[in-house]
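> structure for this input, please:
(one chain, ligands or ions: 1)
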Amino acid sequence: MDLIYTSTRNSDEKATASQAILKGLAGDGGLFVPDSLPKLDVDMDTLAKMSYQETAYEVMKLFLTDFTEEELKHCINSAYDSKFDTEEIAPLVDADGAYYLELFHGATIAFKDMALSILPYLMTTAAKKNHVKNEIVILTATSGDTGKAALAGFADVPGTKIIVFYPKNGVSPIQEKQMVTQKGANTHVVGIHGNFDQAQTGVKKMFSDKELAELMDKAGYQFSSANSINIGRLVPQIVYYVYAYAKLYENGAIAKDEKINVVVPTGNFGNILAAFYAKNLGLPIAKLICASNENKVLFDFFSTGTYDRNREFVLTSSPSMDILISSNLERLIYRIAGNDAEKNAEFMRALTEEGKYMITDEMRAQLADFYGNYTTEEETAEVIRDLYEKTGYVIDTHTAVATGVYHKYVKETGDNTKTVIASTASPFKFTRSVMDAIDKEKYDSMTDFELVDELSKIANVTVPQAIEDIRSAEVLHKTECDVEDMPKTVKAFLNI
Ligand SMILES: *Cc1c(COP(=O)(O)O)cnc(C)c1O
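As a prediction, this is how the structure comes out:
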């Protein structure tokens, strides 16, 4: 029997996995969640010997039950190929007492590639399966990394167009350059005069705009989403936690069934939710450590039970985590509310109208496996410098937030459980901040690309292809718009 997905805001809205992937967001603004969480049905000794692709199949088949074995394996093998610069796909690096799970070996050197390299295949397979006639328009808001990874994934994919909105002054120079130089006749990139939350809210509004949907349908288009609200993003992210555990077991770093902790630098709560789903699959994970930067809404939520976005939005050196509305948290709220769509919808209404909500003690009790904390900008820089000086290993600013929070957690609890830190971006993507952290005085006067070469030297890592590619690439996208003009911009691109 197929696993059915239900909207977090309306228990009557149901979908199969492929329908949920096509829709992205449920009709009422809710997110699709599986009605039950499956269990892994292969043992660890078997998993330990599997490749990334084989592991992906074992995990994804449990969630995407209306895909045939052949379809799913085709999607997996097309996604996880030589676009990644290592056969391991997601290698583990042991540094200073923790295991860094490097999720940045894909085409755009950030962890978004882990899911966005497969989403276009899942989406086109789902379209075929559901006899979709319309062209699919991927509408995406990005805090920097999703945009490029989605553009790279969907560029020139037949039957699709992609439109990406990013905050004009809220991404790193390299992130912006990566996006505005994107090739592909079906790609569009827009810098908005606003922040990521405004971009995300604008995109969500267009998804639930019925008039716009009609207009689109008449012209032969329909929207879908490449944001982590799409379960087609979430499911591939569960894979690397299973894979990392199996590799640690295979290497003898952990014993059979030994529990590990996982630290995730968090923004939209997608990556850590995937870890939570992995734990529910039966993977021996003890604590899920949620790391935030100075936009510490989630830290406050875990410490008080109140989610409150009424606060100043801070631009930090980890821009992909500069988020005050963590969309995927809704999936967890729905679950701890007893899979009660009405109750969840009430919280989300409060979030929209008052900017905050408070969960009950009963709900809070179900969050015992989560630990939240944050690092300041200064602490983040210090972590990068210390780790480099101690080990020679250079991490990016987002990963450094996770490491900083990990240190705080160990200090607070004395818990010395073996720990995997999700390393979400290559330091080459945030070169300026990384090099400033290591030695501001020395590197301050260098250009971005001089810094790239310098980083390569000190870290003893070759410059990734993704960076080489943009050194001399031509800017192809120059559109900018105000937040309220986002629908107008979309209509202009589509000639509707
Ligand atoms: C997107 C992103 C994050 C945040 O991940 P979420 O799934 O949104 O919580 C962290 N680090 C980097 C580098 C990212 O690109």
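> surely residue 267 touches residue 326?
Yes - the pair residue 267 and residue 326 passes the contact test of Cβ atoms under 8 Å, sitting 6.8 Å apart. C-beta coordinates here come from the backbone N, C-alpha and C atoms, glycine included.
> quick one, which of those two is more surrounded?
Neighbours were tallied for residue 267 and for residue 326 using other Cβ atoms under 10 Å; the higher tally belongs to residue 267 (30 against 25).
> can you pull the contacts of that one?
With contacts defined as Cβ atoms under 8 Å, 6 or more residues apart in numbering, the neighbours of residue 267 are 143, 320-323, 326.
> which pair of these spans the longest distance?
Maximum pairwise distance among the contacts of residue 267 (Cβ to Cβ): 12.4 Å, between 320 and 326.
> what residue in the stretch 101-250 of the chain comes nearest to the ligand?
residue 145 (3.2 Å; Cβ to the nearest ligand atom).
> contacts only, for residue 112.
Residue 112 makes contact with 145-146, 148-150, according to Cβ under 8 Å, 6+ apart.
> what does residue 192 give?
Residue 192 neighbours (Cβ under 8 Å, 6+ apart): 165-168, 198-199, 202, 480-483, 486.
> could you do residue 339 as well?
Taking Cβ under 8 Å, 6+ apart, we find residue 339 in contact with 6, 33, 35.
> if we can go back for a sec, what sits opposite the nearest residue to the residue of the stretch 101-250 of the chain closest to the ligand once chain neighbours are set aside in the beta ladder?
Leaving aside its sequence neighbours, residue 145 sits nearest to residue 110 (Cβ to Cβ, 6 or more residues apart in numbering; 3.9 Å). Applying DSSP bridges to residue 110 yields these beta-bridge partners: residue 425.
> gap between the host helix or strand of residue 240 and the chain center?
Residue 240 is located in helix 231-250, with elements delineated by DSSP states H and E. Distance of helix 231-250 from its chain centroid, counting by Cα atoms, centre = their mean, to the nearest Å, is 14 Å.
> got the angle for the helix or strand following it vs helix 231-250?
Downstream of helix 231-250, the next assigned helix or strand under DSSP H and E is strand 260-265. Per axes from the mean of the first three to the mean of the last three Cα atoms, to 10 degrees, the angle that strand 260-265 makes with helix 231-250 is 140 degrees.
> describe which strands strand 260-265 pairs with in its sheet and in which direction.
Per DSSP bridges, strand 260-265 is paired in its sheet with strand 285-292 (parallel), strand 419-423 (parallel).
> contacts for the longest one?
What it means is strand 285-292. Contacts for strand 285-292 (Cβ under 8 Å, 6+ apart): 241, 245, 259-266, 269, 272, 275-276, 278-279, 298-299, 302, 321, 369-375, 401-402, 404-406, 409, 415, 417, 419.
> anything in it near the ligand?
No - between strand 285-292 and the ligand, judged by Cβ under 6 Å from any ligand atom, nothing touches; the nearest distance is 8.7 Å.
> and the next element down the chain from that strand?
Per DSSP H and E, strand 285-292 leads on to helix 297-304 as the next helix or strand towards the C-terminus.
> in that following helix, what's buried?
297-302 (16 or more other Cβ atoms under 10 Å).
> next: stretch 62-70.
62-67.
> list the contacts for the closest residue to residue 225 other than its chain neighbours?
Excluding the flanking residues, the one nearest residue 225 by Cβ to Cβ, 6+ apart is residue 24, at 3.0 Å. When contacts are counted by Cβ under 8 Å, 6+ apart, residue 24 touches 207, 223-227, 229-230.
> check residue 189 too.
For residue 189, the contact set (Cβ under 8 Å, 6+ apart) comprises 147, 151, 163-164, 166, 179-180, 182, 477, 479.
> and the strands paired with strand 260-265, which is most packed in?
Ranked by mean neighbour count, these are led by strand 419-423 with a mean of 26 (mean count of other Cβ atoms under 10 Å).
> the ligand contacts on the stretch 351-496 of the chain?
By the rule Cβ under 6 Å from any ligand atom, the part of the stretch 351-496 of the chain lying against the ligand is 398, 424-425.
> so which of those residues is the most crowded?
Most surrounded of those: other Cβ under 10 Å gives residue 398, at 32 neighbours.
> that one: which element?
Element membership of residue 398 [criterion: DSSP H and E] is helix 397-413.
> and the angle from that helix to strand 419-423?
Going by the same axes, to 10 degrees, helix 397-413 makes 160 degrees with strand 419-423.
> what comes up buried for stretch 392-405?
For stretch 392-405, using 16+ other Cβ under 10 Å, the buried residues are 393-405.
> what does stretch 8-20 give?
Neighbour-count burial for stretch 8-20 [16+ other Cβ under 10 Å]: 8-11, 13, 15-20.
> could you export that stretch as CSV, CA atoms only?
Output of stretch 8-20 as CSV, limited to C-alpha atoms (Å, rounded to 0.1, in the frame of the first residue of the first chain):
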residue,chain,number,x,y,z
THR,A,8,-0.3,19.9,8.0
ARG,A,9,-3.2,22.4,7.8
ASN,A,10,-6.0,20.4,6.4
SER,A,11,-6.5,16.7,7.1
ASP,A,12,-8.7,16.3,4.0
GLU,A,13,-5.9,17.3,1.7
LYS,A,14,-4.1,14.0,0.8
ALA,A,15,-1.5,13.1,-1.8
THR,A,16,0.7,10.3,-2.9
ALA,A,17,4.5,11.0,-2.8
SER,A,18,4.6,11.9,-6.5
GLN,A,19,1.6,14.2,-6.2
ALA,A,20,3.1,15.9,-3.1
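> quick one: average pLDDT of it?
In this model, stretch 8-20 has a mean pLDDT of 97.
> ditto for stretch 245-260
98.
> I'd say the residue nearest to residue 145 and residue 426 touch.
Yes - Residue 110 lies in contact with residue 426 (Cβ under 8 Å); the separation is 7.2 Å.
> who touches both of these two?
The contact sets of residue 110 and residue 426 overlap at residue 104 (Cβ under 8 Å, 6+ apart).
> circling back to that earlier point, so which of the contacts of residue 192 wins on neighbours?
residue 165 (29 neighbours).
> and that residue, how far is that from residue 141?
Remark: distance between residue 165 and residue 141 (Cβ to Cβ, to the nearest Å) = 5 Å.
> pull up the overlap in contacts between the two.
Contacts common to residue 165 and residue 141, judged by Cβ under 8 Å, 6+ apart, are 199, 202-203.
> can you narrow the residues you listed to ones near the ligand?
Among the shared contacts of residue 165 and residue 141, no residue sits close to the ligand (Cβ under 6 Å from any ligand atom).
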